[in-house]
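*Asks:* structure for the following, please:
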Amino acid sequence: MNNEIKIHILHTGLVKVDKALPFHGKFRNPLAFTGLFRSEVNQVTLPVSSYIIEHPKGLLLIDTGWNKTVRESNFKELGLQVQINTGYLPAGWAIDEQLAKLGYKPSDIDLVLMSHLHCDHASGMPLIKDAKKILVSDKEWRVANKLPLVYLPHEWKGVKVETYQFEKTGNGPFDCFYDVFGDGSVLQIWAPGHSSGMAATLVKGTDGRYIVLAADTGYSHTSWEQMVTPGICISRKKAITSLGWMREKAFDENCLAVYANHDDTVKEQTISLPYE
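*Replies:* Take a look at the predicted model:
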């Protein structure tokens, strides 16, 4: 981890949802994303991604995927949210298992950065509670602990979570980000819409090239290509603004790629950027 940044794109579960959840604008029924009164033919199974970043300044993890509880019972982990989400976690896919494949333990992680706290991103937090620090935006933390039907606070019970504040610094769809190392190499970009405090992660090499881990601003690359927002949004207007920024980045010559968390065309892979 001396002269480069390595981003490992990993799958830490699968989620079955109604097609209207990733692509809201394609369906007339405003509640279609819930799957209520809709048949199995309308459902799709998508990957749940997490990202391990080997950075010269520390080992980072973005999101945690599903807890192993879903292998036994979705209802035990998700409660009433099983109506919207069905989680799957094949053997070897849990975040601690994925870490072990790379030769790491949860206690080796210097910093966990949560994009947001919806169940498919936060369920695995107990598996990495021994990480040195776990961070989420203060905007997301405040809301997540006040809306128990939307969020599942038991997923971070017993986990020490700290918060950070976005700063008005002129980057991102709302000109706000959090500079993780203070050198511009890893930025948490405020990209609300799907959730109040959601952060996309921009990772930049010293040659100026970068990738964007878009979280759930959109569920796949077609989301910003066709400007289709997710079914669940706290603000459709903000969601479109965030998608527009992702679209702009995707066409930037210095952008190697923009990755959505649930894009079924994205395979597990490792991307290297120079850091000198």
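
*Asks:* pull the strand ranked longest in the chain out as CSV, backbone CA atoms only.
*Replies:* Counting by DSSP state E, the longest strand found in the chain is strand 4-18. The C-alpha trace of strand 4-18 is given here as CSV (Å, rounded to 0.1, in the frame of the first residue of the first chain):
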residue,chain,number,x,y,z
GLU,A,4,-0.9,3.3,-5.1
ILE,A,5,-4.5,3.2,-4.0
LYS,A,6,-6.3,-0.1,-4.6
ILE,A,7,-10.1,-0.2,-4.7
HIS,A,8,-11.6,-3.7,-4.3
ILE,A,9,-15.2,-3.9,-5.6
LEU,A,10,-16.8,-6.7,-3.7
HIS,A,11,-20.2,-8.3,-3.5
THR,A,12,-21.5,-8.7,0.1
GLY,A,13,-24.9,-10.0,-0.7
LEU,A,14,-27.8,-10.0,-3.1
VAL,A,15,-31.2,-8.3,-2.7
LYS,A,16,-34.5,-9.1,-4.5
VAL,A,17,-36.7,-6.1,-5.0
ASP,A,18,-39.5,-4.9,-7.2
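
*Asks:* in its sheet, what does it sit against?
*Replies:* Using DSSP bridges, the strands paired with strand 4-18 are strand 43-55 (antiparallel), strand 86-88 (antiparallel), strand 269-274 (antiparallel).

*Asks:* average pLDDT for it, rounded please.
*Replies:* Here strand 4-18 scores 97 as its mean pLDDT.

*Asks:* repeat for stretch 234-248
*Replies:* Confidence for stretch 234-248, expressed as mean pLDDT, is 97.

*Asks:* give me the contact list for it.
*Replies:* For stretch 234-248, the external contacting residues (CB atoms under 8 Å, 6 or more residues apart in numbering) are 143, 172-174, 191-196, 198, 200, 212, 214, 217-218, 223-225, 227-230, 233, 258. Yep, even glycine has a C-beta here, placed from its N, CA and C like the rest.
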